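# Structure of the sequence below:
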Amino acid sequence: MATYVTKKCPHCGYAYQFMQGGDQRKYGCPYKICERCNNPYWDTDIKEPALYGYENLHETMESVSQGCTLFIYIPFGIIALFGGIYLLLNAEIIGIFLLALGGINAYIICSYLKRKKDEITNRDEIIKTQQKEYDESMKRLQDINYLSRLAKVDSLAKKLLEERKNGELEHYAKRPQ
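Numbers count the residues shown, from 1 in each chain. The predicted model follows:
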């Protein structure tokens with residue numbers, strides 16, 4: 001479910017975004033330049049892919065929810081279909097109702113499986129896009145000036161900057177595979 005918000009430039013108040021997708025993270029460069037006043041600002045809702053990775057709790061929870069729903073639909077649909085056939089063969093009118101209910105369940109299950117198949121089909125393209133965005137993010141984070149400014153508004157960037165200054169191993173999110 002999308003939540004509607006109005007995001008504004010902190011300098012001139014220009015509304016640059018009107019809709020935001022619920023719990024989903026947005027990835028990319030959080031450093032923005034206002035279209036109206038040309039002043040720079042940080043959009044803290046946008047996360048650097050090389051720092052945060054591409055986990056999306058909203059999609060994971062939606063998938064779990066759909067899986068649980070399917071767990072209920074499959075046995076219920078099978079019972080309804082076979083019960084409907086049995087009762088229809090015995091000339092009972094409730095068989096038509098159960099048959100229809102089984103058909104609706106079969107439709108729901110098939111549409112879910114088709115959606116999952118489409119996700120698998122598009123997975124390679126999605127991964128390729130995420131890898132490109134991740135690589136661009138890594139290039140931005142190599143710039144010490146950019147990282148220093150980002151560290152003022154992002155705790156993971158601050159941690160990365162401290163690791164770099166102390167000569168420690170720098171921690172980044174996993175590159176999409």
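# per-residue confidence at Glu168?
At Glu168, the model reports a pLDDT of 92.
# In contact with Gly102: list those residues for me.
Gly102 sits next to Gly77, Ile78, Ile79, Ala80, Leu81, Phe82, Gly83, Gly84 when contact means Cβ atoms under 8 Å, 6 or more residues apart in numbering. In this view, the C-beta of every residue, glycine as well, is placed from N, C-alpha and C.
# That one and Ala15: what is the separation?
50 Å (Cβ to Cβ, to the nearest Å).
# In helices, which of the contacts of Gly102 appear?
The helices, defined by DSSP state H, take in Gly77, Ile78, Ile79, Ala80, Leu81, Phe82, Gly83, Gly84 from the contacts of Gly102.
# Can you report how many residues lie near Lys159?
Residues contacting Lys159 under the criterion other Cβ atoms under 10 Å number 14.
# With Glu125 instead?
Glu125, neighbours per other Cβ under 10 Å, totals 9.
# Look up which helix or strand it falls in, please.
Element membership for Glu125, per DSSP states H and E: helix 94-142.
# before we move on, the earlier item: which of the contacts of Gly102 are buried?
Buried by 16 or more other Cβ atoms under 10 Å: Gly77, Ala80, Leu81, Gly83, Gly84, out of the contacts of Gly102.
# and the gap between the first one and Ile93?
Per Cβ to Cβ, Gly77 is found 20 Å from Ile93.
# next one: the fourth one
Relative to Ile93, Gly83 is positioned 13 Å away (Cβ to Cβ).
# go on, the last one?
Using Cβ to Cβ, one obtains 11 Å as the distance from Gly84 to Ile93.
# just the second one next, same as before
Distance of Ala80 to Ile93, given as Cβ to Cβ: 15 Å.
# Low-confidence stretches in this structure?
The model of the chain has pLDDT under 70 over residues 1-3, 19-24, 56-71, 73.
# Recalculate using a threshold of 90.
1-7, 16-27, 44-45, 53-127, 175-177 (pLDDT under 90).
# Glu92 belongs to a helix?
No: using DSSP: H, G, I helix; E, B strand; the rest coil, the assignment for Glu92 is coil, not a helix.
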